[in-house]
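[1] Sequence first, then the predicted structure, then my questions.
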Amino acid sequence: MELTDWAYELAENLLAESLPRRWEHSKGVAGCARNLEPILGGDAELMYAAAVLHDIGYAPDLVETGFHPLDGARFLRDRAHGDARVTNLVAHHSCALLEAEERGLRAELAGEFPTERDDLIDALIYCDMTTTPDGTPTDPRERVAEIVGRYGPDSLIGRFIRRAEPEIYAAAARIDRRLAEYRLPR
């Protein structure tokens, strides 16, 4: 089975029934990844797979640590025998090392899963942070504000996302630049 078909089916099976809103978000993030295909080249399929799978660690049957990037990546590696690069992107999506630090899990995450190329990390941040929880497009600033509002500024997630905010905006700006350069007449 093609990587994207496998990833979509797996994410749907894990999220659609138990976490339908999370599934809508994941489909929106995957749709955004499809829109980045012109700048991703040979890594477009990889990015789509990582995008649709990025939040599977929230699935009730997968929760072990309560830190969804780590739980999802461990599932992909240990039980689903997923592509290593997809697994690493899921593990490190959207500044996960900063959240892992807040949770006391940074050494585990960094030790178990190597990071991918910066441009791919940027692309996944962009896709996640330009998609609402309901799967519709948004602006990264609105997305950060929504996350802080949902969890509260003093919560673990609130603290993490505020620390990650500069990198989120920088990653989005880098992807926007690449998209603009692609669209320039040649």
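    That came through, no problem. Numbering: from 1, shown residues only.
[2] Low-confidence stretches in the protein?
    1, 184-186 (pLDDT under 70).
[3] Where do the helices of it begin and end?
    3-15, 20-35, 37-40, 44-53, 68-78, 84-91, 96-103, 106-112, 118-129, 140-151, 156-183 (DSSP state H).
[4] Pick the most buried one from those helices.
    Greatest average neighbour count among these goes to helix 44-53 (a mean of 26), per mean count of other CB atoms under 10 Å. C-beta here means a position set from N, CA and C on the backbone, and glycine is covered the same way.
[5] Alpha carbons of that helix, as PDB, please.
    Extracted C-alpha coordinates of helix 44-53, given in PDB (Å, rounded to 0.1, in the frame of the first residue of the first chain):
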ATOM      1  CA  ALA A  44       5.600  15.600  -0.700                       C
ATOM      2  CA  GLU A  45       4.400  12.100   0.100                       C
ATOM      3  CA  LEU A  46       6.400  11.900   3.300                       C
ATOM      4  CA  MET A  47       5.000  15.200   4.400                       C
ATOM      5  CA  TYR A  48       1.400  14.300   3.700                       C
ATOM      6  CA  ALA A  49       1.800  11.000   5.700                       C
ATOM      7  CA  ALA A  50       3.400  12.900   8.600                       C
ATOM      8  CA  ALA A  51       0.700  15.500   8.500                       C
ATOM      9  CA  VAL A  52      -2.300  13.100   8.600                       C
ATOM     10  CA  LEU A  53      -0.600  11.100  11.400                       C
END
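[6] Mind listing what's buried along stretch 55-65?
    For stretch 55-65, burial by neighbour count (16 or more other CB atoms under 10 Å) applies to 55-59, 62, 65.
[7] Run through who's touching it.
    The contact list for stretch 55-65 (CB atoms under 8 Å, 6 or more residues apart in numbering) reads 10-11, 14-15, 18-19, 22, 25-26, 29, 67-76, 90, 103, 105.
[8] what about that stretch, start to end distance?
    End-to-end distance for stretch 55-65: 14 Å, by CA to CA, to the nearest Å.
[9] Can you give the distance of it from its chain's centre?
    14 Å (CA atoms, centre = their mean, to the nearest Å).
[10] With that, I have no additional questions.
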